[in-house]
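Engineer: Pasting a predicted model and its sequence here:
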Amino acid sequence: MKVLVTGGAGYIGTHLCVELLENGYEIVVIDNFSTSTLEGLRRVREITGKSFHVYYVNLLDKKNLKKVFSLHQIDSVIHLAGYKSVRESTSDPMKYYRNNIEGTMTLCEVMQEFNVTSLVFSSSATVYAPVEKYEAISEKHPLGPTNPYGHTKRLIEEMLRDIFDSNTDWCIRILRYFNPVGAHKSGLIGENPKGIPANLFPYLSKVVVGKLPALFIYGDDYPTPDGTGIRDYIHVTDLAKGHLYALHNLSSSSGVNVYNLGTGKGYSVFEMLREFESVTGKIIPYLIAPRRKGDVAFSFADVSKAKEELGWEATRGIDSMCHDAWKWQRNNPNGYELTRIKPLKKEVMSYDWL
Ligand code: UD1
């Protein structure tokens, strides 16, 4: 079975490619490398010992996207490509609407043209309205994103439903990620944010290896047991495996089904900091800072639907999340930076590593 992975060079994409290749799938990767490097994919090959095709394609570039579909007999698409910075989406919303929504529209048009109607879409828990009570968020929880990035994810979900209504051949699985963290156990691939990380795990990892002086904890006055925000952190390898279960499930029925991907357990910022300290044996300096705009007190998933219908559940705990994030950071203090391979031309390109 041949799977096209859009955004396959990114953090989640590289981990997904490893799982697909290790489970016998043939893959074709497309990416515009706007926030990723080829080096991550080179390491996917190193981990798996398997080759695959990579194309330097922007999803808005229909002509070259069609070229990829005509070169390969694609069976299913896993669509991860998209901008994902909440902060940037509030300062440049049009960039997000253009890229995320128009990119997905173009992809679906080309898929339909080539009679490829199996799609797994990467959505986010950010589509949910903020929770008022301390309870797990199920797929039935009301939607109500609070930033442009979240709006694009919600609109794409709606668009996919409309596409299915117009052509019931479509098999679509929407995966709403909670907080993906950690890295591959090899320490070869991991999260590689540009500049100072905005998210807790990459920030903590940089403090642990001395690249940043201290963690700023955004608020210790939330209505949680220790006053800091609670999130459902999920190991990126568990998350990647979830896609394989969704892919497998595509053949069971057409339609649009939505699944939360999380662990179902919430941990506070302090709990994660203490876990990092215990895994690394290092003291992590921190300062209490004001709450971050847009943050909620708690967010954790009801994962029963994914378990019942996909047969998937996360198995890795916060110890392996911290351990693997640390291993990646320790082995790659500058991320992929030093070994960055940049694509040279802006047209469709194939990196054939066979
Ligand atoms: C953020 C995004 C979300 C995205 C997710 C990816 C926002 C508002 N939401 O979620 O859309 O899907 O990342 O993982 O940006 N914290 C600190 N200090 C830091 C960083 C974070 O105390 O330096 C705290 C936050 O206040 C929060 C928790 O750590 O309580 C997790 O934050 P983060 O990793 O940024 O994830 P989310 O905000 O949940």
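Structural biologist: Okay, I see it.

Engineer: and residue 324, what helix or strand is that in?
Structural biologist: In the assignment (DSSP states H and E), residue 324 maps to helix 318-331.

Engineer: Hmm, I typed the wrong one, I wanted residue 119.
Structural biologist: strand 118-124.

Engineer: Up against the ligand, what does the stretch 201-350 of the chain have?
Structural biologist: By CB under 6 Å from any ligand atom, the part of the stretch 201-350 of the chain that sits against the ligand consists of 203, 215, 216, 217, 218, 229, 231, 269, 292, 294, 295. Yep, even glycine has a C-beta here, placed from its N, CA and C like the rest.

Engineer: of all the residues you listed, which two lie farthest apart?
Structural biologist: The largest distance within those, taken as CB to CB, falls between 215 and 294 and amounts to 18.8 Å.

Engineer: So for those two, which sits in the more crowded spot?
Structural biologist: It is residue 215, of residue 215 and residue 294, that has more neighbours when counted by other CB atoms under 10 Å, with 22 against 13.

Engineer: ok, and the closest non-adjacent residue to that one?
Structural biologist: The spatial neighbour of residue 215 that comes closest, neighbours along the chain excluded (CB to CB, 6 or more residues apart in numbering), is residue 286 at 4.3 Å.

Engineer: and the one you found, backbone torsions?
Structural biologist: Dihedral angles of residue 286 (phi, psi; degrees, to the nearest 10) stand at phi -150, psi 160.

Engineer: Spell out which residues sit in contact with it, please.
Structural biologist: Residue 286 makes contact with 214, 215, 216, 217, 273, according to CB atoms under 8 Å, 6 or more residues apart in numbering.

Engineer: now do residue 204
Structural biologist: Residues near residue 204 by CB under 8 Å, 6+ apart: 215, 272, 273, 276, 284, 325.

Engineer: that older thread, next helix or strand past the strand holding residue 119?
Structural biologist: Once strand 118-124 ends, the next helix or strand along the chain (criterion: DSSP H and E) is helix 148-166.

Engineer: sorry, back to before: in the helix holding residue 324, which residues are buried?
Structural biologist: Residues of helix 318-331 classed as buried: 318, 320, 321, 322, 323, 324, 325, 326, 327, 328, 329 (neighbour count, 16 or more other CB atoms under 10 Å).

Engineer: same check, this time on stretch 128-142
Structural biologist: In stretch 128-142, the ones that count as buried by 16+ other CB under 10 Å are 128, 131, 136, 137, 139, 141.

Engineer: Neighbours of the residue in the stretch 201-350 of the chain that the ligand sits nearest to, how many?
Structural biologist: Nearest residue of the stretch 201-350 of the chain to the ligand (CB to the nearest ligand atom) works out as residue 229 at 2.3 Å. The criterion is other CB under 10 Å. On that basis, residue 229 has 24 neighbouring residues.

Engineer: okay but it is in contact with residue 268, surely?
Structural biologist: Yes. At 6.7 Å, residue 229 and residue 268 qualify as touching, with contact defined as CB atoms under 8 Å.

Engineer: re earlier: save the contacts of residue 286 as JSON lines, and put in distance to residue 67 and pLDDT too.
Structural biologist: Compiled in JSON lines, those are given as follows (distance: CB to CB, whole Å; pLDDT from 0 to 100):
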{"residue": "214", "distance to residue 67": "49", "pLDDT": "98"}
{"residue": "215", "distance to residue 67": "46", "pLDDT": "98"}
{"residue": "216", "distance to residue 67": "46", "pLDDT": "98"}
{"residue": "217", "distance to residue 67": "48", "pLDDT": "98"}
{"residue": "273", "distance to residue 67": "48", "pLDDT": "98"}
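
Engineer: Go through those and flag which are in strands.
Structural biologist: When DSSP state E is applied, the contacts of residue 286 are split such that 215, 216, 217 fall in strands.

Engineer: who touches the first one in this structure?
Structural biologist: The contact partners of residue 215, by CB under 8 Å, 6+ apart, come to 203, 204, 207, 273, 284, 285, 286, 287.

Engineer: I'd like to know which of those are buried.
Structural biologist: Among the contacts of residue 215, those that count as buried by neighbour count (16+ other CB under 10 Å) are 203, 204, 207, 273, 286.

Engineer: how far away is the first one from residue 48?
Structural biologist: The reference is to residue 203. Shown here: residue 203 relative to residue 48, a distance of 29 Å by CB to CB, to the nearest Å.

Engineer: and which of the buried ones among the contacts of residue 215 is nearest residue 147?
Structural biologist: residue 203 (19.1 Å).

Engineer: Contacts only, for the closest one.
Structural biologist: Residue 203 sits next to 196, 197, 212, 215 when contact means CB under 8 Å, 6+ apart.

Engineer: make it 6 Å
Structural biologist: Residue 203 sits next to residue 197 when contact means CB atoms under 6 Å, 6 or more residues apart in numbering.

Engineer: any idea how far the helix holding residue 324 is from the chain center?
Structural biologist: 17 Å (CA atoms, centre = their mean, to the nearest Å).

Engineer: Does anything pack onto that helix? Which helices or strands?
Structural biologist: In terms of contacts (3 or more CB pairs under 6 Å, 6 or more residues apart in numbering; DSSP states H and E), helix 318-331 is packed against helix 200-208, helix 269-280.

Engineer: What are the contacting residues of it?
Structural biologist: With CB under 6 Å, 6+ apart as the criterion, helix 318-331 contacts 181-183, 185, 187, 190, 201, 205, 208-209, 233, 235, 267, 275-276, 279-280.

Engineer: Just list the residues touching residue 214, thanks.
Structural biologist: Applying CB under 6 Å, 6+ apart to residue 214 gives the contacts 285, 286, 287.
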